[in-house]
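Asks: need a structure here:
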Amino acid sequence: METIRRAGLKGRTLKGGSAVERLLAPLYLDPHRDHHRSVFLAGSGRSGTTWVSGIVDYRREYRLVFEPFHPGRVPLCRNFRRKQYLRPEDRREEYLGPARKILSGGLRSSWTDRFHRTFVARRRLIKDIRANLLLGWIRANFPGMPVILLLRHPCAVAASRLVLGWKDNLADVLAQEDLVEDHLHPFEGEIRGAASGFERHVFLWCIENYVPLRQLAPDEVYLVFYEELLAKPETEVPRLFAFLGQDFDERVYEVLKCPSPLSRDGTAGGWTPGGWRGSVGEAGARRAVEIMGLFGLDRVYPDGPMPDPEGARALMRGTGRSLPGEVPGGG
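Replies: Numbering: from 1, shown residues only. I've put the predicted structure just below:
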């Protein structure tokens with residue numbers, strides 16, 4: 001099969017449904033109020049989470065729940081920061097209550113339902129770019145729910161964010177004392193010293209992925225790599241659906257050819273694994289590797305645009321190899 005990289009943008013562009021579908025989006029049944037009926041998809045902003053959610057739900061069998069942990073859009077989550085971290089043992093109801101309602105299907109809002117198109121939903125697909133630092137806490141408090149973590153090269157993520165004028169959240173991240181104490185103390189000086197917007201976004205990518213890799217074991221989260229889905233869909237799609245315990249047909253490959261409703265043409269060469277090189281340059285790429293190296297994440301993207309999945313899994317909890325800053329029994 002021709003790779004998605006070659007297919008490029010030849011497939012039809014997804015526009016989020018017809019006007020009638022958007023009007024009827026809030027009118028649906030979600031009868032199974034159990035977090036085990038949810039699939040949680042997390043990833044950094046601009047990593048392709050909306051695109052991957054379209055792949056998983058290519059048959060429109062899920063209720064799509066869009067970015068529910070956004071405190072500026074979802075009043076239920078007003079107590080959460082934009083990049084909230086919680087220790088796994090945290091049992092405060094001000095956080096557990098909203099999460100329980102989200103994960104069990106009780107939340108309805110125009111923001112979270114904006115891409116939902118199914119009248120009767122037997123499962124939910126919850127997609128969020130602000131929840132990476134919550135994954136250890138979610139896994140501890142809501143066990144048995146399938147969790148997917150999507151990774152994309154930090155240069156692509158940072159370049160795309162800068163093109164779109166996104167501000168970083170490093171100040172909000174570093175203001176969380178528990179997060180710094182548990183995970184970031186060894187790197188705090190380097191993080192605070194980030195000189196450019198590009199460096200700050202690369203540091204943020206490292207934090208967003210270092211923490212869940214450090215907290216979770218390989219059997220607690222399924223890792224998906226944006227570049228591998230583009231370059232090797234024939235291998236990666238069957239693996240993804242096997243993890244979800246579902247079958248699939250050839251129609252899914254047509255969805256892979258389509259940008260997500262939130263894609264922006266020309267942002268960091270999104271439809272080729274190394275398309276960001278032109279905007280980042282060799283000096284930027286070297287600096288990104290240096291920053292990743294502080295966290296040990298250069299094992300995830302060791303050389304060039306393609307990931308090393310085994311390198312990523314080797315960094316995870318319980319695999320016998322420690323990430324920088326880790327103490328025995330910590331995290």
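Asks: any weak-confidence spans in the chain?
Replies: 1-27, 29, 31, 260-271, 320-331 (pLDDT under 70).
Asks: quick one: the strands in it?
Replies: 38-43, 62-66, 123-128, 147-151, 222-225 (DSSP state E).
Asks: could those strands go into TSV alongside mean neighbour count?
Replies: C-betas here are computed from N, CA, C, even on glycine. TSV is the format used below for these (neighbours: other Cβ atoms under 10 Å):
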stretch	mean neighbour count
strand 38-43	25
strand 62-66	25
strand 123-128	24
strand 147-151	24
strand 222-225	22
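Asks: Find the residue closest to the residue nearest to the spatial centre of the chain in space, skipping its chain neighbours.
Replies: Centroid-nearest residue in the chain: residue 43, 1.0 Å away (criterion: Cα atoms, centre = their mean). Taking Cβ to Cβ, 6 or more residues apart in numbering, and ignoring the residues beside it in sequence, residue 43 has residue 150 as its nearest neighbour in space, at 3.4 Å.
Asks: Verify the stated contact: that neighbour with residue 48.
Replies: Yes. At 6.2 Å, residue 150 and residue 48 qualify as touching, with contact defined as Cβ atoms under 8 Å.
Asks: what is in contact with the two at once?
Replies: residue 226 (Cβ atoms under 8 Å, 6 or more residues apart in numbering).
Asks: closest to residue 161 out of the strands of the chain?
Replies: Closest of those to residue 161 is strand 38-43, at 13.1 Å (criterion: Cβ to Cβ).
Asks: list the helices and strands the closest one packs on?
Replies: Contact here means 3 or more Cβ pairs under 8 Å, 6 or more residues apart in numbering; DSSP states H and E; on that basis strand 38-43 packs against helix 49-56, strand 123-128, helix 135-141, strand 147-151.
Asks: let's see 7 Å
Replies: The contact analysis (3 or more Cβ pairs under 7 Å, 6 or more residues apart in numbering; DSSP states H and E) places strand 38-43 against helix 49-56, strand 123-128, strand 147-151.
Asks: possible to save these as TSV with distance to residue 300?
Replies: As requested, those are exported to TSV (distance: least, Cβ to Cβ, whole Å):
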stretch	distance to residue 300
helix 49-56	17
strand 123-128	21
strand 147-151	7
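Asks: which stretch among the strands of the chain comes nearest residue 294?
Replies: strand 147-151 (17.3 Å).
Asks: so what strands line up beside the closest one?
Replies: strand 38-43 (parallel), strand 222-225 (parallel) (DSSP bridges).
Asks: which residue ranges form the helices in the stretch 101-250 of the chain?
Replies: 135-141, 154-163, 170-174, 177-179, 188-192, 197-215, 226-231, 233-244 (DSSP state H, counting those that start in this stretch).
Asks: Same question for the fourth one: list its buried residues.
Replies: When neighbours are counted by 16 or more other Cβ atoms under 10 Å, the buried residues of helix 177-179 are found to be residue 179.
Asks: thought residue 123 was touching residue 62?
Replies: Yes. The criterion here is Cβ atoms under 7 Å, and residue 123 meets it with residue 62 at 5.1 Å.
Asks: export the strands paired with strand 147-151 to TSV and tack on distance to residue 295?
Replies: Converted to TSV, the strands paired with strand 147-151 look like this (distance: least, Cβ to Cβ, whole Å):
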stretch	distance to residue 295
strand 38-43	17
strand 222-225	16
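Asks: got the buried residues for stretch 159-171?
Replies: 159-162, 166, 168-170.
Asks: ok, so what distance separates the nearest residue to residue 30 once chain neighbours are set aside from residue 273?
Replies: Leaving aside its chain neighbours, residue 30 sits nearest to residue 105 (4.4 Å; criterion: Cβ to Cβ, 6+ apart). Look at residue 105 and residue 273: by Cβ to Cβ, to the nearest Å, they are 36 Å apart.
Asks: now do residue 51
Replies: Taking Cβ to Cβ, one finds residue 51 at 14 Å from residue 273.
Asks: Who is the residue nearest to residue 43 paired with across the strands?
Replies: Residues in beta-bridge contact with residue 150 (DSSP bridges): residue 43, residue 224.
Asks: Touching, it and residue 49? I think so.
Replies: Yes. Using Cβ under 7 Å, residue 150 is in contact with residue 49, at 5.6 Å.
Asks: residue contacts, the nearest residue to residue 52 once chain neighbours are set aside?
Replies: Leaving aside its chain neighbours, residue 52 sits nearest to residue 150 (5.6 Å; criterion: Cβ to Cβ, 6+ apart). Residue 150 sits next to 41, 43, 47-49, 52, 224, 226 when contact means Cβ atoms under 7 Å, 6 or more residues apart in numbering.
Asks: Swap in 8 Å and give it another go.
Replies: 41-44, 47-49, 52, 224-226.
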